[in-house]
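> I would like to see how this sequence folds:
(2 chains)
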There are 2 protein chains.
Amino acid sequence: MEKIVGSIEAGGTKFVCAVGNQALEIIERVSFPTTTPEETMLSVIDFFAPYKNRLASIGVGSFGPIDINEDSETYGFITTTPKLAWQYFDFVGTLKKAFDVPIAWTTDVNAACYGEYSSGSGIGVENVVYYTIGTGVGGGAIQNGRLIGGFSHPEMGHMVVKPHPKDTFKGVCPFHGNCLEGLAAGPAIEQRMGMEGKQLPETDAFWAIEADYIAQCAYNTTLMFSPDVIIFGGGVMKQPHLLEKIHQAFEKLTNGYVTHPPLTEYIVTPKLGDNAATIGCLALAKEAIL
Amino acid sequence: MEKIVGSIEAGGTKFVCAVGNQALEIIERVSFPTTTPEETMLSVIDFFAPYKNRLASIGVGSFGPIDINEDSETYGFITTTPKLAWQYFDFVGTLKKAFDVPIAWTTDVNAACYGEYSSGSGIGVENVVYYTIGTGVGGGAIQNGRLIGGFSHPEMGHMVVKPHPKDTFKGVCPFHGNCLEGLAAGPAIEQRMGMEGKQLPETDAFWAIEADYIAQCAYNTTLMFSPDVIIFGGGVMKQPHLLEKIHQAFEKLTNGYVTHPPLTEYIVTPKLGDNAATIGCLALAKEAIL
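Next up, the predicted model:
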């Protein structure tokens, strides 16, 4: 009987659980809302229960912040999340009690990064940075085939950006006001424009401002990591016109200073779309038993 | 006869050549000004010639930008430097003709980062970021014990910073105006204040501005890499009062969002001082023959 691997994409609003084969093909998938840890984890355990005998490992990509320091007493916990019911919830420990298999544990955006690296826009290269621009901004990076992180996982979404001269919006980040997330995530667009990004016409002058912030992010990312590819996913990136505007703003900003691959190959959207994190968790689960 | 390793710190104004033993202790060192490639490389070759039979490998940390992509036709070259005589100079090739030994090739700041990692403020950890703030701003990063870089070496010195509300200076970076280097390197201080940083009294209000820019750099670095330690070296950092001001500005900026080691262990100055790059080159040379 072929062994299978499990995936848990633990998002702040919904969980996606899946099992896949060794080729990382999804065999079954379910999705349910994120409520309390007790209730939600019961649904998780119910989903995997029928596969228990064949399940070799599970990969988890969780909303955060989470503790990924293996030497820490709270390794495997969700830590200081604003979702109070989940604060200091022992995710890996709870899972281990139900399924005694290796568990790979990382952030949801790291998982998406790993998915694109394994099977999406990062195939064939070793240095990939992935951002999601949605209700928040998150980032993950792979260097030489490994997810990076020192004392914790990255929190790139809160990087410093220079306010656009035509943008008078003060930003919505409760910690930093006008950091990247505070200026460019979905809620910032909605509060600034009085409507969601998807309702804003392509011709609205605001998009040049949004593209400028995302280009600043790509520019800093280039300087820091010089990756082979930068992938921007998440709800905001579903505007098909946005990528080209980002390319233009990026060129203006770098001003010829750095060499990089051709922009259409360098700053891209995810090939796996909304499946990136699920595929990434399967890939990480598979890695965990190699 | 014990084998020895060589080090070339190729700076824009001076070269430092050294040979060291397997314990990375310096046996002999010389320094001479950077003139033309022909003349300067002759001095380099003259220095190592007496050691030729014992020399196992050489580590080079060079001013840049340089080509570190091993698949590239110009691997081992200094590329688009403003020092015209050195543009597209084949550094590694020239060295290989004189000494047929393995040559480790990286940037001067990567070498300094590696030196501090091997023998300085980064001993015992695996994730180190090093910045030099002097005539320019440069950065290097080690993750899981390896220097990072994808299609090229990092160029972190040119990252976006938010202009300080009390700073009306426009910046001096020829590419980006008011990027980090354009606002915070030595020449920016001199042009803004009409004197060098070392002549400015500790009580000058400018230092809070300088500390803010460096703190923004430390903050972005924390979000991107969550390293175990961030090391700031270079001429500007020789002001002993500056580090504490950076700590204060960093705390204000992060606003409790990220966890990090205690600041006095997390944001530090180099233990090796001006020897960081030389020791780093010796360490990289040693790595090259392992």
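
> Point to the helix or strand of chain A where mean pLDDT is at its lowest.
Of all helical and strand segments in chain A, the minimum by mean pLDDT, DSSP states H and E falls on strand A:146-147, at a mean of 92.

> Name the surrounding residues that touch the next helix or strand after it.
Remark: after strand A:146-147, the chain's next helix or strand is helix A:180-184, criterion DSSP states H and E. By C-beta atoms under 8 Å, 6 or more residues apart in numbering or on different chains, the residues outside helix A:180-184 that reach it are A:133, A:136-137, A:156-161, A:163, A:167, A:169, A:171-173, A:176, A:188, A:210, A:213-214, A:216-217, A:236. The way it works is simple: take the backbone N, C-alpha and C, and place the C-beta from them, glycine included.

> can you do 6 Å?
By C-beta atoms under 6 Å, 6 or more residues apart in numbering or on different chains, the residues outside helix A:180-184 that reach it are A:136-137, A:157-159, A:161, A:171-173, A:176, A:210, A:213, A:217.

> Tell me the most packed of those residues, by neighbour count.
residue A:137 (30 neighbours; other C-beta atoms under 10 Å in any protein chain shown).

> Phi, psi for it please.
Dihedral pair for residue A:137: phi -120, psi 130, per degrees, to the nearest 10.

> That one against residue A:187, yeah?
No - counting by C-beta atoms under 6 Å, residue A:187 is not a contact partner of residue A:137; they are 10.6 Å apart.

> neighbours around residue A:271, how many?
Residue A:271, neighbours per other C-beta under 10 Å, totals 16.

> For it, which non-adjacent residue is spatially closest?
Nearest non-adjacent residue to residue A:271, counting by C-beta to C-beta, 6 or more residues apart in numbering or on different chains: residue A:120, 3.8 Å away.

> On the pLDDT front, check that neighbour for me.
pLDDT, residue A:120: 95.

> I'd like the distance from it to residue B:57, if you could.
Residue A:120 is 39 Å from residue B:57, where distance means C-beta to C-beta, to the nearest Å.

> which residues sit against stretch A:2-22?
Contacts for stretch A:2-22 (C-beta under 6 Å, 6+ apart): A:26-34, A:44, A:47-48, A:51, A:54-63, A:277-278, A:281-282, A:285-286.

> mind checking the end-to-end distance for it?
With C-alpha to C-alpha, to the nearest Å as the measure, stretch A:2-22 spans 8 Å from end to end.

> again, but for stretch A:248-263
End-to-end distance (C-alpha to C-alpha), stretch A:248-263: 9 Å.

> middle-most residue in chain A, spatially?
Using C-alpha atoms, centre = their mean, the residue of chain A that lies closest to the mean C-alpha position is residue A:109, 1.9 Å off.

> can you tell me which residues contact that residue?
A:132, A:138, A:140.

> pretty sure it belongs to a strand, no?
No - going by DSSP: H, G, I helix; E, B strand; the rest coil, the assignment for residue A:109 is helix, not a strand.

> Pull up the gap between it and chain B, please.
Residue A:109 sits 13 Å away from chain B, going by C-beta to the nearest C-beta, to the nearest Å.

> For the residue nearest to that residue when sequence neighbours are not counted, grab the count of nearby residues.
In this structure, residue A:109 finds its nearest non-sequential neighbour in residue A:138, 3.8 Å apart by C-beta to C-beta, 6+ apart. Other residues within reach of residue A:138, judged by other C-beta under 10 Å, total 28.

> Quick check: residue A:138 touching residue A:132?
Yes - using C-beta under 6 Å, residue A:138 is in contact with residue A:132, at 5.1 Å.

> residues from the stretch 51-200 of chain A in reach of chain B?
A:127, A:143, A:148-152, A:154-156, A:158-160, A:162, A:175 (C-beta under 6 Å from any C-beta of the partner chain).

> how about 8 Å then?
A:125-127, A:139, A:141, A:143-144, A:146, A:148-163, A:175-176 (C-beta under 8 Å from any C-beta of the partner chain).

> Drop anything exposed from those.
Those of those that meet the buried threshold are A:125, A:127, A:139, A:141, A:143, A:148-163, A:176, by 16 or more other C-beta atoms under 10 Å in any protein chain shown.

> Now do the nearest residue to residue A:20 once chain neighbours are set aside against residue A:53, distance only.
Leaving aside its sequence neighbours, residue A:20 sits nearest to residue A:282 (C-beta to C-beta, 6+ apart; 4.3 Å). When distance is defined by C-beta to C-beta, residue A:282 is 18 Å away from residue A:53.

> So which of these two has more stuff around it?
Just comparing residue A:282 and residue A:53: by other C-beta under 10 Å the higher neighbour count belongs to residue A:282, 34 against 8.

> The more buried one contacts residue A:24, correct?
Yes - Residue A:282 is within contact range of residue A:24, at 4.8 Å (criterion: C-beta atoms under 8 Å).

> State which helix of chain A is the longest.
Of all segments of type helix in chain A, defined using DSSP state H, the longest is helix A:206-225.

> Buried residues of it, list them for me.
A:206-207, A:209-225.

> Please apply the same query to stretch A:17-33.
So stretch A:17-33, judged by 16+ other C-beta under 10 Å, has buried residues A:17-20, A:24.

> cool, and stretch A:109-128?
Going by 16+ other C-beta under 10 Å, stretch A:109-128 has these buried residues: A:109-122, A:125, A:127-128.

> mind listing what residue A:243 touches?
A:232, A:237, A:267-269.

> Show only the entries of the residues you listed found in strands.
With strands taken from DSSP state E, the overlap with these comprises A:232, A:267-268.

> Closest one of these to residue B:200?
Nearest to residue B:200, judged by C-beta to C-beta, of the ones in strands among the contacts of residue A:243 is residue A:267 at 40.7 Å.

> Tell me the bridge partners for that closest one.
residue A:230 (DSSP bridges).

> residues contacting it?
A:218, A:229-230, A:232, A:243, A:246-247, A:250.

> Where neighbours are concerned, which of those has the most?
Result: residue A:230 is most packed of these (other C-beta under 10 Å), 29 neighbours.

> give the contact list for that residue.
Here residue A:230 is in contact with A:129-131, A:218, A:221-222, A:266-268 (C-beta under 8 Å, 6+ apart).

> still on that earlier bit, in JSON lines: the contacts of residue A:109, plus pLDDT.
Formatted as JSON lines, the contacts of residue A:109 follow (pLDDT from 0 to 100):
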{"residue": "A:132", "pLDDT": "96"}
{"residue": "A:138", "pLDDT": "95"}
{"residue": "A:140", "pLDDT": "96"}
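
> could these be laid out in a markdown table, adding secondary structure?
Output for the contacts of residue A:109, formatted as a markdown table (three-state DSSP):
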| residue | secondary structure |
| --- | --- |
| A:132 | strand |
| A:138 | strand |
| A:140 | strand |
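
> Closest one of these to residue A:68?
When these are compared against residue A:68 (criterion: C-beta to C-beta), the nearest one is residue A:140, at 11.6 Å.

> which residues does the closest one form a beta bridge with?
Residues in beta-bridge contact with residue A:140 (DSSP bridges): residue A:130.

> How many residues are close by it?
30.

> Would you agree it is in contact with residue A:155?
No - at 10.4 Å, residue A:140 does not count as touching residue A:155 under the criterion of C-beta under 8 Å.

> ok, residue A:217 to residue B:164 distance?
For residue A:217 relative to residue B:164 (C-beta to C-beta), the value is 21 Å.

> Please render the contacts of residue A:243 as CSV that adds pLDDT to the earlier fields.
Conversion of the contacts of residue A:243 to CSV gives the following (pLDDT from 0 to 100):
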residue, pLDDT
A:232, 98
A:237, 97
A:267, 98
A:268, 98
A:269, 97
